[in-house]
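Chemist: Provided below are the primary sequence and the corresponding predicted coordinates.
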Amino acid sequence: MKDAFLFSQTEEAAGLPVFMTTVGYWQHQSETDRPSGFPDYQLHQVLGGQGKLVLGEEEYVMGPGDIFFLFPGIPHRYMPVSAPWEIAWVSFNGREASHLLSYAGIDRSGVGKLRSKTLIKGIEQMLLMEGKEAADFEAECSKLIYSVLLDLKKLLIEPAGRNEELERLKPVLRHIAQHLHRPLPLAELAEVASVSPQYLCRLFQKTMKMRPLFYVNQERVSLSKKLMFSERNKKIYEIAHQVGYENPSYFCAVFKRHTGMSPEDFKKLHGLSS
């Protein structure tokens, strides 16, 4: 693969729920020092060689299969340890960017490890789109970056040494994922973890940075989006029932609260309306 750098700059693209601002690939990444951080979220995948990331007093050495995330406005510095240090990256923003990262368990700048050392498919597809007309390029990149962020949860290997609180929440998170189609009372979730409802709320707040109900609704909204893509002929009320909402109007209100738009507007934005 040859060095590449592509960017998006139209106001129309900036109105999308999540949009790419730059995407690129360097056969050898040079030292980068940003005392004031970068205006957008960044995802970097290391494909070859070794490099170092410095975040305040923390330093990370990374090699193939490692990935690092940089949040907007966070001072950082990264540089090669060996040559060549081969890297692909994408920067992005949008009202859903932080929610999608949170869904993958990413709530701050840092380093993760991928299950595969091959270039993430969505980033590779963006890099191959050079020469497309601006409108088509930006719309396709929006779909691809959305897909990449949605898939991060399964692409990442869970970091070693996760704290005890998160380990205690794992059965609850699995239970939620398996029962999104029906009501999930707080008492039921607390029983799964063998704790009181009040303590469960504290666990969620400490480890997930959100309340249990917010997390359940976030998961329902994420599942509803997947269903809109995979089952395009389904009506909104049918999708609402599939993700645990008996009242479609309440589902629409929750969906708008989490995404900034109605389910119908989301479908139109992504060309999913019949």
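Modeler: Sure thing, it's come through.

Chemist: What's the local residue count around residue 210?
Modeler: For residue 210, the count of nearby residues is 15 (other C-beta atoms under 10 Å). Glycine gets a C-beta too; all of them are placed from N, C-alpha and C.

Chemist: pLDDT value on the closest residue to it other than its chain neighbours, please?
Modeler: By the measure of C-beta to C-beta, 6 or more residues apart in numbering, the closest residue to residue 210 outside its immediate chain neighbours is residue 204, 6.3 Å from it. The pLDDT attached to residue 204 in the predicted structure is 88.

Chemist: can you tell me which residues contact residue 204?
Modeler: In this structure, residue 204 makes contact with 169, 210, 211, 212, 215, judged by C-beta atoms under 8 Å, 6 or more residues apart in numbering.

Chemist: Buried only: go through the residues you listed for me.
Modeler: 169, 212, 215 (16 or more other C-beta atoms under 10 Å).

Chemist: Between those, which sits nearest residue 149?
Modeler: When the buried ones among the contacts of residue 204 are ranked by distance to residue 149 (C-beta to C-beta), residue 215 comes first, at 17.2 Å.

Chemist: Burial check on residue 82, number of neighbours?
Modeler: The local packing count at residue 82 equals 11, with neighbours defined by other C-beta under 10 Å.

Chemist: roughly how far apart are it and residue 153?
Modeler: The gap separating residue 82 from residue 153 is 30 Å, by C-beta to C-beta, to the nearest Å.

Chemist: Now residue 194. Its backbone dihedrals?
Modeler: Per-residue torsions, residue 194: phi 60, psi 40 (degrees, to the nearest 10).

Chemist: what's near enough to touch it?
Modeler: Contact partners of residue 194, counting by C-beta under 8 Å, 6+ apart, are absent.

Chemist: And it, how far from residue 168?
Modeler: If you measure residue 194 against residue 168 using C-beta to C-beta, the figure is 9 Å.

Chemist: so of the buried ones among the contacts of residue 204, which ones are in helices?
Modeler: Helix and strand membership here follows DSSP state H; of those, those in helices are 169, 212, 215.

Chemist: my guess is the first one meets residue 195, correct?
Modeler: Spelled out, that is residue 169. No - between residue 169 and residue 195 no contact is recorded; they are 9.7 Å apart, counting by C-beta atoms under 8 Å.

Chemist: you'd agree residue 265 is in a strand?
Modeler: No - judged by DSSP: H, G, I helix; E, B strand; the rest coil, residue 265 forms no part of a strand; its state is helix.

Chemist: what about it, how many neighbours?
Modeler: When counting by other C-beta under 10 Å, one arrives at 15 neighbours for residue 265.

Chemist: per-residue confidence at it?
Modeler: Reading off the per-residue confidence, residue 265 sits at a pLDDT of 91.

Chemist: can you pull the contacts of it?
Modeler: Neighbouring residues of residue 265 by C-beta under 8 Å, 6+ apart: there are none.

Chemist: separation between it and residue 19?
Modeler: In this structure, residue 265 and residue 19 are 16 Å apart, going by C-beta to C-beta.
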